[in-house]
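Chemist: Pasting the sequence and the predicted model now:
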Amino acid sequence: MLNVPAMAQAVARHAGEDAFHLAAAGALAGLAGGAAMALLAILLALTAGVSPWPPVEVAIAALLRSAPAMAVPLGLLLHAALSMLLGMLFAALFAQYQIEVLVPVGALYGLAVWLGVRYAIFPLAGAAPISTPALVSEHLAYGASLWLFLPILGALEKHRQRV
């Protein structure tokens, strides 16, 4: 499994303490974005009158070539870890920009994540890509959440660093 704190510490050793705080803010923003995405997915599924869990089960079954009994918890853990990792990448790429620039960039980043999963990750895993309009809107929500949370968490990290 991904060890996000160890990754953040490795970044910090190479680029200094500021990089560690940026990575931590990115990981937390990614986690918040992943939670917002999951919440939207659950709300959309419940609004449509269907269970929210089949997409998680299908994704895990496609990636692992089987459907383990723990597919939903495993899927949620994997989703959280990937959300944090992608949040760290977003922070590394875009944290230096003004917040006004991050508005469209966050949404476009979420769309790029969906395109990457749809056209690269699933085909490389030999799995049939999952593609629905809901998934696109959920990934846009992920990117928008990164835009929203990264400046807040980055400011909190800087404040904590000064205290």
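Modeler: Cool, the structure landed. Residues are numbered from 1 along each chain as shown.
Chemist: And what about Ile130, helix, strand or coil?
Modeler: Secondary structure, DSSP: H, G, I helix; E, B strand; the rest coil: Ile130 is coil.
Chemist: what ranges do the strands span in the protein?
Modeler: Here the chain has no strands by DSSP state E.
Chemist: Could you find the closest non-adjacent residue to the residue nearest to the spatial centre of it?
Modeler: What sits nearest the mean C-alpha location of the chain, by Cα atoms, centre = their mean, is Ser83, with 2.2 Å. Leaving aside its chain neighbours, Ser83 sits nearest to Gly34 (2.7 Å; criterion: Cβ to Cβ, 6 or more residues apart in numbering). The way it works is simple: take the backbone N, C-alpha and C, and place the C-beta from them, glycine included.
Chemist: Quick check: the one you found touching Leu76?
Modeler: No: using Cβ atoms under 8 Å as the test, Gly34 is too far from Leu76 to be in contact (9.1 Å).
Chemist: Show me which of those two is the more surrounded one.
Modeler: Each of Gly34 and Leu76 has its neighbours counted (other Cβ atoms under 10 Å); Gly34 has more, 22 against 16.
Chemist: ok, now which ones touch that one?
Modeler: Residues in contact with Gly34 (Cβ atoms under 8 Å, 6 or more residues apart in numbering) are His79, Ala80, Leu82, Ser83, Met84, Gly87, Tyr142.
Chemist: how about 10 Å then?
Modeler: Leu76, His79, Ala80, Ala81, Leu82, Ser83, Met84, Leu86, Gly87, Tyr142, Ser145, Leu146 (Cβ atoms under 10 Å, 6 or more residues apart in numbering).
Chemist: What of Gly30?
Modeler: Taking Cβ under 10 Å, 6+ apart, we find Gly30 in contact with 4, 80-91, 142, 145-146, 149-150, 153.
Chemist: pretty sure the residue nearest to the centre of the chain is touching Ala38, no?
Modeler: Yes: with contact defined as Cβ atoms under 10 Å, Ser83 reaches Ala38; the gap is 8.8 Å.
Chemist: and for the two, which residues touch both?
Modeler: Joint contacts of Ser83 and Ala38 (Cβ under 10 Å, 6+ apart) are Tyr142.
Chemist: Pro123: how many residues sit nearby?
Modeler: The burial count for Pro123: 12, using other Cβ under 10 Å.
Chemist: So it is in contact with Pro129, correct?
Modeler: Yes: look at Pro123 against Pro129 with Cβ under 10 Å: they come within range, at 6.7 Å.
Chemist: and for the two, which residues touch both?
Modeler: Joint contacts of Pro123 and Pro129 (Cβ under 10 Å, 6+ apart) are Val117.
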